[in-house]
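Asker: Next comes the sequence, and after it the predicted model I'd like to discuss.
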Amino acid sequence: MEKVKAYLTGELVQSNSSEAHTLHEKSCFGEPKEGKILYSLPEALFLVEKEKMEILSKNKSFSFKELLEKFRRIDPKLQIKYSVFKDLRERGYIVKTALKFGADFRVYDKGNRPGKSHAKWILFADHETKKMTWHEFSARNRVAHSTKKNLLLAIVDEEGDITYYEVRWIRP
């Protein structure tokens, strides 16, 4: 398959190529909207790193490193989010944004697809040095519970290793 040619317009990465639509159908990358496929910043970075996408703006192509710097100016938490996104995608999970929930990602269990099933987890990613209060933890847990998902916390350490903590409600 040829590389997806995508375009960076402001803070959006999008493509209307047949390759983008094929990749979306096959692997759930991007979100279809008005005939185009829109990509989250972590998705776009992942596809560029895997040499499945080329991103252009004003006829200039960007390297992975250039995009990482550009995207970090848009989203200061991008480095942490990207490492978590990449880890989960490489493990076979489908990872989508969760902005409307106030979270970083929705994560679909292996074999499940957006639109065909619901995400199993709502994920918040943070660096190990970030402190979280009980109120913040409780709020995150409530969001997960109210959306019928389990809470997944992804903690990235100084070496870039990720530890996942799953929080579930139990009935005694």
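Answerer: Received the coordinates, thanks. The structure displayed is predicted, hence computed values, not measured ones. Numbering: from 1, shown residues only.
Asker: residue ranges of the helices in the chain, please?
Answerer: When assigned using DSSP state H, the helices of the chain occupy the ranges 18-27, 41-49, 64-74, 78-90, 134-146.
Asker: Determine which stretch of those is the most buried.
Answerer: Each of the helices of the chain was assessed for mean neighbour count using mean count of other Cβ atoms under 10 Å. The highest is helix 41-49, with a mean of 23. Placement of C-beta: from N, CA and C, glycine included.
Asker: Which other helices and strands does that helix contact?
Answerer: Other helices and strands packing on helix 41-49, by 3 or more Cβ pairs under 8 Å, 6 or more residues apart in numbering; DSSP states H and E, are strand 4-9, strand 12-15, strand 53-57, helix 64-74, helix 78-90.
Asker: Looking at those, which is nearest to Lys100?
Answerer: For the helices and strands packed on helix 41-49, the distance to Lys100 is smallest for helix 78-90, at 16.2 Å, taking Cβ to Cβ.
Asker: so how far is Lys26 from Glu107?
Answerer: Heads up, residue 107 is Val, not Glu. Here the criterion is Cβ to Cβ, to the nearest Å. By it, Val107 lies 19 Å from Lys26.
Asker: could the helices of the chain be laid out in JSON lines, adding mean pLDDT and distance to Lys120?
Answerer: Listed next are those as JSON lines, based on pLDDT from 0 to 100; distance: least, Cβ to Cβ, whole Å:
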{"stretch": "helix 18-27", "mean pLDDT": "94", "distance to Lys120": "18"}
{"stretch": "helix 41-49", "mean pLDDT": "97", "distance to Lys120": "19"}
{"stretch": "helix 64-74", "mean pLDDT": "94", "distance to Lys120": "27"}
{"stretch": "helix 78-90", "mean pLDDT": "97", "distance to Lys120": "12"}
{"stretch": "helix 134-146", "mean pLDDT": "92", "distance to Lys120": "10"}
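Asker: Select, out of these, the one closest to Ala98.
Answerer: Nearest to Ala98, of the helices of the chain and by Cβ to Cβ, is helix 134-146 at 8.9 Å.
Asker: Mind listing residues that contact that closest one?
Answerer: By Cβ atoms under 8 Å, 6 or more residues apart in numbering, the list of residues contacting helix 134-146 from outside reads Phe101, Gly102, Ala103, Trp121, Ile122, Phe124, Asn150, Leu151, Leu153, Val167, Trp169.
Asker: Quick check: bridge partners of the third one?
Answerer: Counting by DSSP bridges, Ala103 forms beta bridges with Ala98.
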